[in-house]
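Q: okay, sequence plus prediction incoming.
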Amino acid sequence: MQVAVIGAGPAGMMAALTLAEKNIAVTLFDEQGSAGGQIYRHVAKLSQDEAQQLGDDYAIGANLVRRFQALASAEHLTHIYAATVWSVSEDNYIAWSVDGKSFSQSFDAIVLATGALERAMPIPGWTNPGVMTAGAAQILMKTGGFAPENAVLIGSGPLLYLVATQMLKMGKKPLALLETQSAMDYCRAALKLRPSPVVLSYMLKGWSMLRKLSQAGVARHTAVSDVKIDSTDNKHRITYSRKGKQHHIEAGMVLLHAGVQPNIQLSQSLGLAHQWNAENHCWEPEIDAMGRTSKAHIYIAGDGGGVLGADAAKRSGQLAAMALMLDQGLPVDAAAIAYTITDHRRYRSIRGFLDTLYAPKSWFQLPEDDTIICRCEEVTAGTVRDAVHLGCLGPNQLKAFSRCGMGNCQGRYCGHTVVNLIADARQLAPQDVGYYRIRSPIKPVTLEEIARHDIIH
Amino acid sequence: MADPFLYFEGEKIPFTDGMSVAAALLKAGVVLFRQTQVGQKPRGPFCMMGACYDCLLVIDGRPNRQGCMTVAQKGMKVSRQSSETVLGDG
């Protein structure tokens, strides 16, 4: 049996380790040069002190990455790194590209562990150079050892605070945090709190980060709305509303973050069943408690199956591996399955609170007409609304109307905005609007490279 | 030993081992990477994780290279990508 795992974050590494430790041949594909995913990016290449600077939750990842690397040299586990998977076909053929050369190979079973993407925050000026996601700034800190100067962070969610505190540690105090949640959101979220060890741990971490920001004198403004960015050279003038008044602030760099959602490119391209997650406002694949999808031999582990974070991802990687072994008729300890399912489920307890408190706001989910929503094809919200008035029914028809979602990123950063805009214009629920039909190649690859690709038998 | 460097528009840009081209440029204060094809608008890195394709550069003569996914190499010749670059070139 040959198993493929796609993605070397915590979920993918744990799935691959669990299988390889049972002497099952595993090939793990990952786009980065070393294992870790975005969460543990570069961690094994840093010294303990350097990693610790970015926090315990990051530094601890080095253990898992090193365990994975130790086994990745053994015969059962092959790590194909710097590899862009551009197709997973219905007959379980995976096609990937390494440095301009493509290959394909058939597998008996596949675990998708492709993680999450930051939710788009389409506001005027979000395409300007010097405006990035908060996650992008975190990648600079992890891989480049530096943080942006005079940054203003805009949006909401735990990652906004984490990135801000990491920047403090690196001596680059952010100028301000412009946060979208309001006092009412805090009240609504409080009602969702259910005491549990996971909830307590999250609350303590959150409180500790907010205390660090406050001690450092970082300005935090909540209930911010209608943000616009005007950029000239390396200067960004941010305009925003708060309590009915307009304010301005200048920044050296602008970091946006509005939460994370599953990366569904591969699961959509395989035609797997998906459901609308009304709490996290996104599509996600339908999976059972062990990561089985609507298609036999395809499993999903980690945030790609629903955002629960790195610790849950490790458990879901183990669960997907165990489900795969069970389905192949291999023995798996029933007690281990039951324990891991329960252990994994614990991480759901905080979601109601986080999803309610940091819910995306309609002022940026339904942008004004002249705001670009598709970064690649430079399509505005107004163009989407016009298309609907002309009779466009859904995201796929919209491609023909406007090329929205047909550029390089393949709809990754406009897909959900399009769903929201069409749902709003047609007075439908998002789940009744559907999503783009994602087709291979899911990442740009030249026709020549496809034509010349080697099939591995 | 001094950090190695790459060339961006003819200028020396230092980088450390394992850094991406995009990270090296951002550290040097470069945020403008390309002009878009549709609206000839300036763009720079956005996601830094290979998803958004906004950091496309011409690297060693090959256009449409993702700056954030290309590991910086000593002596690499990097330049901005113009709006006339055709998708699929390279």
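A: Done, it's in.

Q: what sits against the residue of the stretch 301-450 of chain A found nearest chain B?
A: Closest contact between the stretch 301-450 of chain A and chain B, by Cβ to the nearest Cβ, is at A:N408 (3.5 Å). (Glycine included, C-beta is placed from N, CA and C.) By Cβ atoms under 8 Å, 6 or more residues apart in numbering or on different chains, the contact list for A:N408 reads A:376, A:444, B:53, B:56, B:87.

Q: SS state for it?
A: coil (DSSP: H, G, I helix; E, B strand; the rest coil).

Q: next one: A:L256
A: A:L256 is classified as strand under three-state DSSP.

Q: mind listing what's buried in the lowest-mean-pLDDT helix or strand in chain B?
A: Counting by mean pLDDT, DSSP states H and E, chain B has its least confident helix or strand at strand B:62-66, which shows a mean of 94. Buried positions in strand B:62-66, judged by neighbour count with 16 or more other Cβ atoms under 10 Å in any protein chain shown: B:63-66.

Q: check which element follows it along the chain.
A: strand B:77-79 (DSSP states H and E).

Q: average pLDDT for that following strand?
A: In this model, strand B:77-79 has an average pLDDT of 98.

Q: all helices of chain B, in order?
A: For chain B, the helices defined by DSSP state H cover B:21-27.

Q: tell me the mean pLDDT over stretch A:100-116?
A: Mean per-residue pLDDT for stretch A:100-116: 97.

Q: quick check, distance from that stretch to the centre of its chain.
A: Stretch A:100-116 sits 18 Å away from the centroid of its parent chain (Cα atoms, centre = their mean, to the nearest Å).

Q: over to stretch A:288-297?
A: For stretch A:288-297, the distance to the chain centre is 20 Å (Cα atoms, centre = their mean).

Q: pLDDT averaged over that stretch - what is it?
A: pLDDT averaged over stretch A:288-297 gives 98.

Q: what residues does that stretch touch?
A: So stretch A:288-297 is contacted by A:92, A:108-111, A:267, A:270-273, A:285-287, A:299-301, A:305, A:316, A:319-320, A:322-323, A:327, A:337, A:341, A:344-345 (Cβ under 8 Å, 6+ apart).

Q: okay, that stretch in PDB with CA atoms only?
A: This file holds the C-alpha atoms of stretch A:288-297, laid out as PDB (Å, rounded to 0.1, in the frame of the first residue of the first chain):
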ATOM      1  CA  ASP A 288     -16.600  12.300  10.200                       C
ATOM      2  CA  ALA A 289     -14.900  12.300  13.600                       C
ATOM      3  CA  MET A 290     -11.800  10.600  12.100                       C
ATOM      4  CA  GLY A 291     -11.400  12.700   9.000                       C
ATOM      5  CA  ARG A 292     -13.200  10.400   6.500                       C
ATOM      6  CA  THR A 293     -14.600  12.500   3.600                       C
ATOM      7  CA  SER A 294     -17.500  11.800   1.200                       C
ATOM      8  CA  LYS A 295     -15.000   9.900  -1.100                       C
ATOM      9  CA  ALA A 296     -13.400   6.500  -0.200                       C
ATOM     10  CA  HIS A 297      -9.700   6.600   0.400                       C
END
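
Q: elements contacting the least confident helix or strand of chain B?
A: strand B:56-59 (3 or more Cβ pairs under 8 Å, 6 or more residues apart in numbering or on different chains; DSSP states H and E).

Q: now do the buried residues in the strand it packs on.
A: B:56-59.

Q: with respect to chain A, which of those residues is nearest?
A: Nearest to chain A among the buried residues of strand B:56-59, with distances taken as Cβ to the nearest Cβ, is B:L56, at 7.8 Å.

Q: okay, and the beta partners of the closest one?
A: Beta-bridge partners of B:L56, counted by DSSP bridges, are B:Q66.

Q: so it sits against B:R34, correct?
A: Yes. Applying Cβ atoms under 8 Å, one finds B:L56 in contact with B:R34, separated by 5.3 Å.

Q: shared neighbours, those two?
A: With Cβ under 8 Å, 6+ apart, B:L56 and B:R34 have common neighbours B:81, B:85.

Q: now for A:F146, how many residues are close by?
A: 17 (other Cβ atoms under 10 Å in any protein chain shown).

Q: residues touching it, list them.
A: For A:F146, the contacting residues are A:140, A:170, A:172, B:27, by Cβ under 8 Å, 6+ apart.

Q: please indicate which of these has the highest neighbour count?
A: Highest neighbour count within these, by other Cβ under 10 Å: A:L140, with 26 neighbours.

Q: tell me the backbone dihedrals of it, please.
A: When read as degrees, to the nearest 10, the backbone of A:L140 gives phi -60, psi -40.

Q: residues in contact with it?
A: A:146-148, B:23, B:26-27, B:48.

Q: repeat the analysis, applying 6 Å as the threshold.
A: A:L140 sits next to B:A23 when contact means Cβ atoms under 6 Å, 6 or more residues apart in numbering or on different chains.

Q: same check, this time on A:G382
A: Applying Cβ under 6 Å, 6+ apart to A:G382 gives the contacts A:D369.

Q: just checking, it is part of a strand?
A: No. Residue state for A:G382 (three-state DSSP) corresponds to helix; a strand is not indicated.

Q: for it, give me the pLDDT.
A: Predicted confidence (pLDDT) for A:G382: 98.

Q: low-confidence regions, the stretch 51-200 of chain A specifically.
A: Within the stretch 51-200 of chain A, no range satisfies pLDDT under 70.

Q: what residues does it have near chain B?
A: A:129-130, A:132-133, A:136, A:139-140, A:143-144, A:146 (Cβ under 6 Å from any Cβ of the partner chain).
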